[in-house]
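Asks: For reference, the sequence and a predicted model appear below.
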Amino acid sequence: NAGVMQNPRHLVRRRGQEARLRCSPMKGHSHVYWYRQLPEEGLKFMVYLQKENIIDESGMPKERFSAEFPKEGPSILRIQQVVRGDSAAYFCASSPGTGRFYEQYFGPGTRLTVT
Amino acid sequence: DAKTTQPTSMDCAEGRAANLPCNHSTISGNEYVYWYRQIHSQGPQYIIHGLKNNETNEMASLIITEDRKSSTLILPHATLRDTAVYYCISLSNTGTASKLTFGTGTRLQVTL
């Protein structure tokens, strides 16, 4: 059973470009979460999605960041007009859902570097 | 969600049991205790969770005190690969809120 997959593993963008991070949850999981880890800091929740719905986006910056989890395909975290402060590791997690929301399985992360 | 307190760091000799404490004195009746770890540069890894009974799985054991104000994660035979930051998180399993709030955790160093 494949785990959570994220791609790319490393992404370099220049300031002002767009970054697209992809996450495929574990088979049978329909709940996806995105977390961000800034250098030398702890993990911070960004957004929680179910298929075609955003459930909780309380951790998402108000501008430039968006997330989706379409009916078909991976979840996408999109960062428009990246700035140096967006450089971080972005982790995606998935969970089985009802009664097991907090049993989250994380991917290897995408390391975004903004130059 | 109850606040948890963990030591900043601990050392453990390889092959010995690693006992990682967590204090959650304000935990409420419907809150579970979850443990995760993050090995350097990797995504966090779910370890175990419990409500009031002791739990064991292939990775670890979780001992929760009778008053539920504290717990201990036990890695029975620590190896160098268990070197990581361990997070204790107290959460209610009801409703649909499901974000994990990671504190500073305990940095476990397993040594030869």
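Replies: Received it, and whenever you're ready, just let me know what you need. If you're wondering where the values come from, they're calculated on a predicted model, not measured in any experiment.
Asks: Strands of the chain, start to end?
Replies: No chain in the question, so chain A it is. All strands of chain A, identified by DSSP state E, fall at A:5-7, A:10-13, A:19-24, A:31-37, A:43-50, A:53-56, A:65-68, A:75-79, A:88-95, A:105-106, A:110-114.
Asks: ah, I was thinking of chain B
Replies: Counting by DSSP E, chain B has these strands, from start to end: B:9-13, B:18-23, B:31-38, B:45-50, B:55-56, B:61-64, B:70-75, B:84-92, B:106-111.
Asks: now the third one and strand A:31-37, what's the angle there?
Replies: Just to be clear, that refers to strand B:31-38. Our comparison of strand B:31-38 with strand A:31-37, counting by axes from the mean of the first three to the mean of the last three CA atoms, to 10 degrees, yields an angle of 60 degrees.
Asks: With the second one instead?
Replies: Taking the same axes, to 10 degrees, one finds that strand B:18-23 is oriented at 100 degrees with respect to strand A:31-37.
Asks: Give me the angle between strand B:18-23 and strand B:9-13.
Replies: Here strand B:18-23 runs at an angle of 160 degrees relative to strand B:9-13 (the same axes, to 10 degrees).
Asks: packing partners for strand B:18-23?
Replies: Where contact means 3 or more CB pairs under 8 Å, 6 or more residues apart in numbering or on different chains; DSSP states H and E, strand B:18-23 is packed against strand B:9-13, strand B:31-38, strand B:70-75, strand B:84-92, strand B:106-111. Where C-beta positions appear, they are placed from N, C-alpha and C, glycine not excepted.
Asks: buried ones in stretch A:92-100?
Replies: Buried positions in stretch A:92-100, judged by neighbour count with 16 or more other CB atoms under 10 Å in any protein chain shown: A:92, A:93, A:94, A:95, A:96.
Asks: out of those residues, who's near chain B?
Replies: By CB under 8 Å from any CB of the partner chain, the members of the buried residues of stretch A:92-100 lying near chain B are A:93, A:95.
Asks: Would you mind giving the buried residues of stretch A:92-100 as TSV with pLDDT added?
Replies: What follows is those, written out as TSV (pLDDT from 0 to 100):
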residue	pLDDT
A:92	97
A:93	94
A:94	93
A:95	89
A:96	83
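Asks: Please identify which of the buried residues of stretch A:92-100 is nearest to residue B:83.
Replies: Residue B:83 has its nearest neighbour among these in residue A:93, at 21.9 Å by CB to CB.
Asks: unless I'm mixing things up, the closest one is touching residue B:45, no?
Replies: No: proximity of residue A:93 to residue B:45 does not meet the contact threshold set by CB atoms under 8 Å, at 10.4 Å.
Asks: Contacts only, for the closest residue to residue A:17 other than its chain neighbours.
Replies: By the measure of CB to CB, 6 or more residues apart in numbering or on different chains, the closest residue to residue A:17 outside its immediate chain neighbours is residue A:82, 5.8 Å from it. With contacts defined as CB atoms under 8 Å, 6 or more residues apart in numbering or on different chains, residue A:82 is in contact with A:13, A:14, A:15, A:16, A:17, A:18, A:19, A:64, A:112, A:114.
Asks: which parts of chain B sit against chain A?
Replies: B:32, B:34, B:38, B:41-46, B:49, B:89, B:91, B:93, B:96-105.
Asks: The same query, at a cut-off of 10 Å, please.
Replies: B:32, B:34, B:36, B:38, B:41-46, B:48-49, B:85, B:87, B:89, B:91-105 (CB under 10 Å from any CB of the partner chain).
Asks: Just the buried residues of the residues you listed.
Replies: When burial is judged by neighbour count using 16+ other CB under 10 Å, the buried members of the residues of chain B next to chain A are B:32, B:34, B:36, B:38, B:43-46, B:48-49, B:85, B:87, B:89, B:91, B:93, B:98-102, B:105.
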